[in-house]
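Student: Build me a structure from this.
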Amino acid sequence: MDEGPLEPPPGENVAADIPPPPEIPQPQGAPRNLILVVTAVVVVAVIVVAAIGYGVVGYAFASSRIAGARSAYNNVVSHQNTITESFNTLDTKMTALSLTTATTADLQQNRTAYAQLVSQSQSAQPTLVADDASLATAQAGLKQNSWLTLIRRSDLDQTSAKIGHERKALGDAKTIAGDLVQLGTFYQAFYDSLIDLDTLTTKATASDFVGAAASIGPLKSDITMAIQLSGAPGLPPEMKLFLTDFQTLATDVGKLMNAVIGGDTNAVQADVKAVDADNTKIETYDFSKMSSAIKAFYQPMIDAFNSEVSIANSM
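Tutor: Okay, the predicted model is just below:
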């Protein structure tokens, strides 16, 4: 007896016994890796472009700063040639003076030389100040945006050092120029007094005693001015001592001229002795020694100035 198909027992699920179809793997890994690679390439490209841009911009910026600084330096150098010559020829102006042999022309020539020295030094002072300000600005510019100029940092540092030495030279020059204005102003008054004495002597020799007496006022006035200016840098203390004795001579010569004009023989004899004593004392002063002292004061300052200029030019 045929049995029909077997029926599942009540409550059992036949479908549950059928295994599910196998899952087909999806190719998701390949696209994700490709995206990462592309992203990395893009990032590297951006970095490379940024690095190239940084280098180009930084090099150009640094080059412009260096060019500007060197231009400022060259302008300063062109300005300082005159003052440099003035400093280096100071020795020729410090010629030892002989009161007994100096001619009227010698006195006038020396006074003119010191007047030129004062004029040059005064003219140089505002230029030196302006040049230092210009170099200070240029030097500060070399340090701007330092993060951008690493590519030329050594060149920037060298240019800054070059300017630094030139600024030291300018500082020395400002000091020297200021001192020379005072020294030259003193010597103008000093030579004015000697020219007054020469005028007085010429008139007295020509027996123009009235004219000689009239020269005493300007002589004493110029000596007084020279005494007031005798604190100029570099002047040895002997110079003021000389001027004090010179003032005494001028006073005694004035008395002598008045006695001669008045015909007072006794006074003339006494005044002649006083004048002779004054001359003897004045002749003891060594102007060669005083000139050497002045040179010894200024030469180290001038040497320091020239040294800084030389170092700057060599860099």
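Student: helix/strand/coil for T100?
Tutor: Recorded secondary structure, T100: coil (DSSP: H, G, I helix; E, B strand; the rest coil).
Student: nearest spatial neighbour of it, skipping sequence neighbours?
Tutor: Take T100 and drop its neighbours on the chain: the residue closest to it by Cβ to Cβ, 6 or more residues apart in numbering is E283, 7.6 Å away. Backbone N, C-alpha and C define where each C-beta goes, glycine included.
Student: Check the gap between that neighbour and A277 for me.
Tutor: E283 sits 11 Å away from A277 when distances are taken as Cβ to Cβ, to the nearest Å.
Student: In terms of neighbours, single out the busier of those two.
Tutor: Using other Cβ atoms under 10 Å, the more surrounded residue of E283 and A277 is A277, with 13 against 10.
Student: Distance of that one relative to D252?
Tutor: 8 Å.
Student: Let me know whether G178 touches L128 as I believe.
Tutor: No. Between G178 and L128 there is no contact, the gap being 9.6 Å when judged by Cβ atoms under 8 Å.
Student: Tell me which of these two has more neighbours.
Tutor: For G178 against L128, the residue with the higher neighbour count under other Cβ under 10 Å is L128, and the figures read 25 against 16.
Student: centroid residue for this protein?
Tutor: For the chain, L170 is the residue whose C-alpha lies nearest the centre (Cα atoms, centre = their mean; 1.1 Å).
Student: and it, what pLDDT?
Tutor: Listed pLDDT for L170 reads 95.
Student: Toward the C-terminus from the helix or strand that contains it, list the very next helix or strand.
Tutor: The secondary structure element spanning L170 is helix 153-205 (assigned by DSSP states H and E). Toward the C-terminus, helix 153-205 is succeeded by helix 209-214 as the next helix or strand (DSSP H and E).
Student: which residues of the stretch 151-300 of the chain score low on pLDDT?
Tutor: Applying pLDDT under 70 to the stretch 151-300 of the chain flags residues 151.
Student: Where do the helices of the chain begin and end?
Tutor: Counting by DSSP state H, the chain has helices at residues 29-88, 90-93, 104-141, 153-205, 209-214, 216-228, 237-262, 265-282, 287-314.
Student: Now do the third one and helix 153-205, the angle between them.
Tutor: Regarding helix 104-141 and helix 153-205, their directions subtend 160 degrees when assessed with axes from the mean of the first three to the mean of the last three Cα atoms, to 10 degrees.
Student: Just list what helix 104-141 packs against, helices and strands only.
Tutor: Packed against helix 104-141 by the contact rule (3 or more Cβ pairs under 8 Å, 6 or more residues apart in numbering; DSSP states H and E) you find helix 29-88, helix 90-93, helix 153-205.
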